[in-house]
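S.K.: My questions are about this predicted structure, shown below with the sequence.
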Amino acid sequence: MTQLVILNYPDARLHTIAKPIKTVNADIQRLITDMSETMYAAPGIGLAATQVDEHIQLILVDTSKEQNDLQVFINPKITAKNGLQDYEEGCLSVPGVYETVTRAENITVEALDANGKAFKLKADGLLAVCIQHEMDHLLGKVFVEYLSPLKRNRIKSKMLKHNRGITRNSY
Ligand code: QAP
Ligand code: CO
């Protein structure tokens, strides 16, 4: 069991743009295992490599009730999106904060799986929201950046207080 350290908003490293993964090797598979253990322990339904300070294009999602359906997306690309939906989101990097964000209702995503095999998936509802939220992390974007400056600044202050004394922060 390896639990990785999750970066907390407003850590500047959360704004890093992730690089594509060239080969899905044993190091990547080890990271996938460690990230899944970190996500399930939290517990969370999604985690991007960015959040554990690994700036490569890898996200994990498990929106199943039983938390037994891990979906791995390497170098994900959204090739189609339709409609809009509002969803109350949270984020393991912004603990205790839940706010409504508007995103595409239906998406088609193309990615590589944990074995490096290409696949294509159509998603809607929570799964679609979660994939879009996690892909934003790979672009250095945190969901609170969709909120008004007033709300975002309140969240920033709250998080800075919450993070006080955590020495690994980097602002
Ligand atoms: C992203 O977020 C997501 O504040 C994944 O105290 C969330 O797993 C996409 C969590 C909702 C769509 C809808 C948050 C755990 C988990 C917290 C998460 C907390 C403990 C967040
Ligand atoms: Co997040």
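M.R.: Everything's here; your move. Numbers count the residues shown, from 1 in each chain. Ligands and ions are numbered 1, 2, ... in the order given.
S.K.: Please count neighbours and contacts with C-alpha atoms only from this point.
M.R.: Will do.
S.K.: Report the buried residues of the longest strand along the chain.
M.R.: Ordering each strand of the chain by length in residues (DSSP state E) puts strand 71-89 first. For strand 71-89, the neighbour count (16 or more other C-alpha atoms under 10 Å) marks 72-76, 78, 81, 85, 87, 89 as buried.
S.K.: Which of those sits closest to ligand 1?
M.R.: Ligand 1 has its nearest neighbour among those in residue 89, at 3.8 Å by C-alpha to the nearest ligand atom.
S.K.: Surely that closest one touches residue 95?
M.R.: No: here residue 89 lies out of contact with residue 95, judged by C-alpha atoms under 8 Å, at a distance of 11.1 Å.
S.K.: Around ligand 1, pick out the residues from the protein.
M.R.: 42-46, 89-92, 94-97, 129-130, 133 (C-alpha under 6 Å from any ligand atom).
S.K.: how about a cut-off of 5 Å?
M.R.: Taking C-alpha under 5 Å from any ligand atom as the test, the list of the chain residues beside ligand 1 reads 44-46, 89-92, 95-96, 130.
S.K.: could those residues go into a markdown table alongside pLDDT and secondary structure?
M.R.: A markdown table is the format used below for the residues of the chain next to ligand 1 (pLDDT from 0 to 100; DSSP: H, G, I helix; E, B strand; the rest coil):
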| residue | pLDDT | secondary structure |
| --- | --- | --- |
| 44 | 98 | coil |
| 45 | 98 | coil |
| 46 | 99 | strand |
| 89 | 98 | strand |
| 90 | 98 | coil |
| 91 | 98 | coil |
| 92 | 98 | coil |
| 95 | 97 | coil |
| 96 | 96 | coil |
| 130 | 98 | helix |
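S.K.: Tabulate these in CSV, adding columns for distance to residue 56.
M.R.: Supplementary listing: the residues of the chain next to ligand 1 in CSV, determined by distance: C-alpha to C-alpha, whole Å:
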residue, distance to residue 56
44, 20
45, 19
46, 16
89, 23
90, 22
91, 19
92, 18
95, 23
96, 26
130, 18
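S.K.: Thank you, goodbye.
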